[in-house]
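**Student:** Here's a sequence, model it:
(chains A and B)
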Amino acid sequence: MGKYLAKIGLEMHCEVSETNTKVFSAAENSYKDTPNCNVSAVDMAFPGTLPVVNKEAVRLALMASMILKCSQPEYFFFERKNYYYPDLPKGFQTTQETKPIPSGIYGEVEFECNGELKKVRVNNLHLEEDAASLDHYYSTSNIDYNRAGVPLLELVTEPDIHSADEAVAFLEHMRSVYQYAGISEADSKKGQIRCDVNISLMDASLDESDPNNWGTRAEIKNVNSFGGVRDAINYEIVRQSEILDNGGAVEQETRRWDEESGTTIYMRSKVDAIDYKYFVEPNIPKFKISQEWLDEIRASIPELAMDRKKKYIEQYGLSEYDAGVIVKEKCVSDYFEECLKLNMNAKTAANWLTVQIIAYINKYEIELKDFYLTPVLLNQIITELDKGTISSKQAKEIFFKSLEENKEPKTFITKDNAQISDEGVLNDIISNILANNENQVNEYKSGKTNLFDYFVGQVMKETRGKANPNIVKEILKGKLDN
Amino acid sequence: MRYMDKSIEELHELLVKGEVTSDELVKESLERSHEIQEKCNAFVTILDDAKGCEVTESLLSGIPYGVKDNYSTKDILSTGSSNTLKDYVPFFNATSIDNLDRAGAVKVNKTTLDEFGMGGTGTTAHTGVQKNPWDRTRICAGSSSGSAAAVAAGVYPYALGTDTGDSIRKPAAYCGIVGYKPTYGMISRYGVFPFASSLDHLGALTRSVRDAAIVVDAMKGIDPNDMTSWDSSKMDLLGACTGEVKGKKLCYIKEICNIENYPNASEELKLHLENFHKTLEICKSLGMEVEEVSVDRKLLNAIYSVYRVIHSAEASSNMSNLTGIIFGPRGKGENYIEMIKDHRTNGFSPLIKRRFVIGSYVLQKENKERYFNNAQRARRLLVDTWKDLFKKYDAVLNPVGIGPAKKFEDLDIKYDDNTIALDEHLQIGNFGGFPSISIPDGFVNDLPVSICITGNCYDDENVLNIAYALESAMDYKGQVVKEVK
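**Tutor:** Sure, this is the predicted structure:
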């Protein structure tokens, strides 16, 4: 690089997974492994079926639009994008064109990339329906209509991104926004996030703000993972640099990301661009978006990752690092929020979460929602630890035992193994031990101070390790050093 | 006289009194269906196993009726008169059919149409040409051609239709019966095969205005499955037919209705317009005011193109689901593109394919502004013009078509360009979603002709009442073709 500046724009498609039903039909909106079980007559475009707009999907689209600092439309309506493909039962996709105004236009997103704050302008955000999914085999293809009609948000950015790192950081930020706002699980493993990437190179010495200096862009379709976005951008930067280095010109064309070969492959040139013959969907009357509804939606935007991180640092005294680790995944942060609600010591809870729990779920490849020790159960351990009833070593043992046997921690915090912290009890035990070890006491007092540990050991032996060592030490010091 | 020549109210009374049973009515209707099928080719399916049903308070209970074959009828073949759906049996009912089922109405057949409602001649159904029972050398017009012929020939008192340009009102006129399409969205479109969604209306073909009111009263209602439907529960169409019309204000459009506009007028056209003006006199005799108004001829001449552009565009998209992949006969081919091509090439009539080409053309980026967007603007101008008329008038009256039903052999004759507005003005009712009804108002050369009454949106009660009063002052109420020769 150096010579060239990459200008990258993203079209990020994210399924809205948090509605009960699909965007235009009453079929269930949920991810299912069994094909064709979430399907209504509308999703398969049986003759005479009509779309009915899902108000919740519109609400979430408008919420996303607000979070992205976009302007919201006065009237909401949909358009038909006409083309034939086996995954598109109606022969058109019901979507929103950019004019006059879809779910949102002209916004801005701030996000962090390698510790630096970056900004990307949003051109528009629109609500549309997903297509069916296709499975291709050697001589046949299977169509699964579960996905047909699932609400989909398409976010289109201006070409304000300059590297693969930035692109991925932006996508991670948006995934977090969608998760925290309760719009989507945004799980790329479930195919909920898909991207198109457009990328051009310009002479790095020229003024970036003048579009005349921008290069010709290539569009890369259907990149389905963040890793894929990174690789596709890096591949494309090299490909275009080589063309320019050799005095060639980059063609305006659409390319496809091929995961297997790790390359982008030519699909079609500008002249073959499809004319989608958009027109307004006549079966959905334009409907007015009232200011009251917009206000209501704005007021209902949940705390996002950035807000929570700030709260953890400022109100709960967590380190920047720990707060960052906790808010990275919403499920982790939700777990922590539950802990706070239970009045657990924030730092202790954060410590357990970021060290023990994350390590455990990573090791066993389970999801936090399936993790046996819910905040309520974890609280059983931490309460006892705080009280000093158990040692931190014991706490860890109880933690693993509880997970191993799927039994509540309190079943392992019995009187039997409870730490002895009662000073009166310990005082009696210690007095006995000192009385029975007169010789050693005398030796200690005459200067052999390393015998201190000997006395501690005797106490532990007597209590089968359950004596609270700190208290034992204090009492011993009191008795021996006077 | 056959039972099936009677009105819904007469039949209901006979049923309630026990003078006839629902089964007997169904039997007569089925027999008559087979006769008319032979003579006019009016049906895609005759439901020979149809049974009578319990007679209740509902006026429609136990009485047979016909369903245009573009309505989805659960477990009953529904083809849209197209080869693309020639074996399609829906697993759900159109909402309006559900409503009629609840009213106890008995389906006895599915009637033919111009393929998917596109066409005005009754000649493009996959089951062949549909003939007019008044004169079998003539067309019924379309697209509700089977329904019109069957009601006119006394198969039953009513049949269902759809109307995107004039597809209920014109065939009703050509067959000497009543055709009513209510305000857009009064009857849910769910389950009816779409032609042009922004223009598509459902409605009824009957032999009297009261029967039309009864049928639409039963079909209508807000439907959670159709976002363009609205709540009409406070509207009582039959109750509105009081005949009290004194002081109502009507108008007709000079540029459409007067013979001076047509220097090359045929004898038929002259008689038709004379008859129309006679009907205006009857209106006056009922105490209604009738005024002549003028509308820019340029605007009227645009009706045809506006209609053509908008319906072709919407139809090309609406029928993109007909690929033979999910339903309909699977096309042959090495890949999906070839399969879809094969299905659509062999499935559609040339008329439809022509309109798809027009529809795609007017929506293409480089043409959209000039054709599609301008058509939308002209549509708006026409609708606004009519809305202005409705500020002053209860209804606009116009003659239906340029005369009685045309002969099949004359279909290819190029008509006088001057008559375009006269032949096509019913489409304004679809542009604006206005309630519109055609009722027979006389005969020209022994063939029936009609007048069309159109009112403002949601003013259906007023429109039907005017139609009812006018009908009552003429001799054509309940007329049935005496003998299909």
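
**Student:** Please enumerate the strands of the stretch 1-150 of chain A.
**Tutor:** Using DSSP state E, counting those that start in this stretch, the strands found in the stretch 1-150 of chain A span residues A:4-15, A:75-76, A:79-82, A:92-95, A:104-113, A:116-129, A:133-136, A:141-144.

**Student:** before we move on, what about the stretch 51-200 of chain B?
**Tutor:** So, for the stretch 51-200 of chain B - with DSSP E, counting those that start in this stretch - the strands run B:64-68, B:106-111, B:158-163, B:178-181.

**Student:** re earlier: okay, the strands of the stretch 1-150 of chain A in TSV with mean pLDDT and mean neighbour count next?
**Tutor:** The way it works is simple: take the backbone N, C-alpha and C, and place the C-beta from them, glycine included. Below are the strands of the stretch 1-150 of chain A laid out as TSV (pLDDT from 0 to 100; neighbours: other Cβ atoms under 10 Å in any protein chain shown):
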stretch	mean pLDDT	mean neighbour count
strand A:4-15	96	22
strand A:75-76	94	16
strand A:79-82	97	22
strand A:92-95	97	21
strand A:104-113	94	18
strand A:116-129	96	19
strand A:133-136	91	12
strand A:141-144	92	16
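
**Student:** any idea how far chain A is from residue B:376?
**Tutor:** Distance of residue B:376 to chain A, computed by Cβ to the nearest Cβ, to the nearest Å: 9 Å.

**Student:** swap in residue B:318?
**Tutor:** From residue B:318 over to chain A (counting by Cβ to the nearest Cβ), the distance is 9 Å.

**Student:** Isn't that residue up against residue B:199?
**Tutor:** No - using Cβ atoms under 8 Å, residue B:318 and residue B:199 do not qualify as a contacting pair, with a distance of 10.9 Å.

**Student:** What is the neighbour count of residue 246?
**Tutor:** Assuming you mean chain A. Applying other Cβ atoms under 10 Å in any protein chain shown, we find 7 residues neighbouring residue A:246.

**Student:** right idea, wrong chain: chain B
**Tutor:** There are 10 residues near residue B:246, going by other Cβ under 10 Å.

**Student:** repeat for residue B:258
**Tutor:** Per other Cβ under 10 Å, the neighbour tally for residue B:258 reads 14.

**Student:** Close to chain B: what parts of chain A are there?
**Tutor:** Contacts of chain A with chain B, taken as Cβ under 8 Å from any Cβ of the partner chain, map to A:41, A:44-53, A:80, A:82, A:84, A:86, A:89-92, A:275, A:277-279, A:282-285.

**Student:** Pull out the buried members of these.
**Tutor:** Neighbour counting with 16 or more other Cβ atoms under 10 Å in any protein chain shown marks A:41, A:44-53, A:80, A:82, A:86, A:89-92, A:277-279, A:282-284 as buried within these.

**Student:** sorry, back to before: for residue B:397, which of the strands of the stretch 1-150 of chain A is the nearest?
**Tutor:** Closest to residue B:397 of the strands of the stretch 1-150 of chain A is strand A:75-76 (Cβ to Cβ; 35.9 Å).

**Student:** So in that sheet, which strands flank the closest one, and in what orientation?
**Tutor:** Strand pairing for strand A:75-76, determined by DSSP bridges: strand A:287-288 (antiparallel).

**Student:** centre of the chain versus the strand it pairs with, how much separation?
**Tutor:** The chain centre lies 33 Å from the centre of strand A:287-288; the measure is Cα atoms, centre = their mean, to the nearest Å.

**Student:** pLDDT on that strand, on average?
**Tutor:** Averaging pLDDT along strand A:287-288 gives 94.

**Student:** quick one, strands of the stretch 351-485 of chain B?
**Tutor:** B:395-399, B:436-444, B:447-454.

**Student:** Mind telling me which residue of the stretch 1-150 of chain A is nearest chain B?
**Tutor:** The minimum distance from the stretch 1-150 of chain A to chain B, using Cβ to the nearest Cβ, falls at residue A:91 (2.3 Å).

**Student:** give the contact list for that residue.
**Tutor:** Counting by Cβ atoms under 8 Å, 6 or more residues apart in numbering or on different chains, residue A:91 makes contact with A:45, A:82, A:83, A:84, B:317, B:319, B:320, B:321, B:323.

**Student:** Looking at pLDDT only, which of the residues you listed scores worst?
**Tutor:** residue A:84 (92).

**Student:** And it, its phi and psi?
**Tutor:** Here is the backbone geometry of residue A:84 (degrees, to the nearest 10): phi -100, psi 130.

**Student:** Make sure it is actually in contact with residue B:341.
**Tutor:** No - look at residue A:84 against residue B:341 with Cβ under 8 Å: they stay out of range, at 9.6 Å.

**Student:** Using the three-state scheme, assign the closest residue to chain A within the stretch 301-450 of chain B.
**Tutor:** For the stretch 301-450 of chain B, the residue closest to chain A is residue B:320, as judged by Cβ to the nearest Cβ, at 2.3 Å. Secondary structure assignment for residue B:320 (DSSP: H, G, I helix; E, B strand; the rest coil): helix.

**Student:** ok, now which ones touch it?
**Tutor:** With Cβ under 8 Å, 6+ apart, residue B:320 has these contacts: A:82, A:84, A:90, A:91, A:92.

**Student:** So what pairs up with the last one in the strands?
**Tutor:** Using DSSP bridges, the beta-bridge partners of residue A:92 come out as residue A:82.

**Student:** Run a quick check on it versus residue A:84, I expect a contact.
**Tutor:** No - counting by Cβ under 8 Å, residue A:92 does not reach residue A:84; the two are 9.1 Å apart.

**Student:** contacting residues around the nearest residue to residue A:135 once chain neighbours are set aside?
**Tutor:** Excluding its sequence neighbours, the residue lying closest to residue A:135 (Cβ to Cβ, 6 or more residues apart in numbering or on different chains) is residue A:142, at 4.4 Å. For residue A:142, the contact set (Cβ under 8 Å, 6+ apart) comprises A:35, A:134, A:135.

**Student:** From these, pick the one nearest residue A:386.
**Tutor:** Closest to residue A:386 out of the contacts of residue A:142 is residue A:35 (50.9 Å), distances taken as Cβ to Cβ.
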